[in-house]
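[1] predicted model follows, preceded by the sequence.
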Amino acid sequence: MLSHLEAKLNEACAPLDAHAGWDLENAISVSFREVRNRPLSRWEAKVRFALSAVLFPYASKRDFQKIELALRVFNPALPEITLTPGFASPAKAVFNAISEKNYVGAIGNAEFFFLGYHELIERDEDRRWTYLEALAVIIPSSTVRRGFFAPSVDASFRSKELPDFGSATTSHETCWHLRPDFSFFGSFTPAFPLQTFAELIGARDSDFFRVSWRNGRTGDVSNCGRPVQEGCLLAVKRTAVRLPSDKKLAWILKVDGETVTMVDSQNNLLV
């Protein structure tokens, strides 16, 4: 199999061989100030094509979808559907709330509670890239002090796939949340509300709000002019949240993938 893969790569790199093709692609990347092994690069495309071509004669039809998913490079949810030009990013409010440890501004706004929020931003003061996350879960309403542990959140999907809506979920989760990765057509797909959560609070489809946005452009060549703010959000109207008296919402807040805290709507720190 490996020999067939190398032969197909040699064919894709002709008149060069695969090793010379790899050196050439690296040289092009360096000249454009790109990092080596950048996701979705031209070299990666050649490898994916070669692997797909080599596997095809040996794959059965029942495995085609699994192979396609493993080699997929695009976002099947088409984030353009929820893309809203000029959408006012909540990043500043979320970042300030986390920095000041007054977390009310990180869990929603006057009209909505955030259920699943993801955003990558370039901060003005130091031009650093920062990744912000907020994810709502359901916990016992009696929990009001530190010592509680953040519950597991397994209902998730990657940018290159759609949620498996038929799979089992846990009772404390509110949505199918995103685990973003690099993909064509956009990495940020808004979360999807869990049917069990919608039924628990008695919410209608119109009570939920799904949106994605891309604002501004960086002048950094190495980042290929990516947006200064890019993110997605699933939110629910505050007035639609009618949980049983023994349950309440709490939010797991993360910065650059690290959990900062878990907090409820009364700003009680729970971890």
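    Ah, there it is. In this text, all values refer to a predicted model and were calculated from it rather than measured experimentally.

[2] what's the following helix or strand after the helix or strand harbouring Thr196?
    Per DSSP states H and E, Thr196 falls inside helix 195-201. The helix or strand immediately downstream of helix 195-201 is strand 208-215, counting by DSSP H and E.

[3] wait, a strand at Leu5?
    No. Assessed with DSSP: H, G, I helix; E, B strand; the rest coil, Leu5 is helix; it does not lie in a strand.

[4] show me what contacts it?
    Contact analysis of Leu5 by CB atoms under 8 Å, 6 or more residues apart in numbering lists Ala50, Leu51, Val54. No exception for glycine: its C-beta is placed from N, CA and C like everyone else's.

[5] burial measure for the last one, as a count.
    Translated: Val54. 19 (other CB atoms under 10 Å).

[6] isn't it up against Lys8?
    Yes. Between Val54 and Lys8 there is a contact at 5.5 Å, judged by CB atoms under 8 Å.

[7] show residues contacting stretch 91-103.
    Looking at what lies outside stretch 91-103 - CB under 8 Å, 6+ apart - the contacts are 104-106, 109, 117, 119, 121, 123, 130, 132, 134, 229, 231, 251, 253, 255, 260-261, 263, 267.

[8] drop anything exposed from those.
    Applying 16 or more other CB atoms under 10 Å to those, the neighbour count classes 105-106, 117, 119, 121, 132, 134, 229, 231, 251, 253, 260-261, 263 as buried.

[9] grab the nearest non-local neighbour of the most centrally placed residue in the chain.
    What sits nearest the mean C-alpha location of the chain, by CA atoms, centre = their mean, is Pro180, with 2.8 Å. If the residues on either side of it in the chain are set aside, Pro180 comes closest to Ser187, at 4.6 Å by CB to CB, 6 or more residues apart in numbering.

[10] perfect, that will be all.
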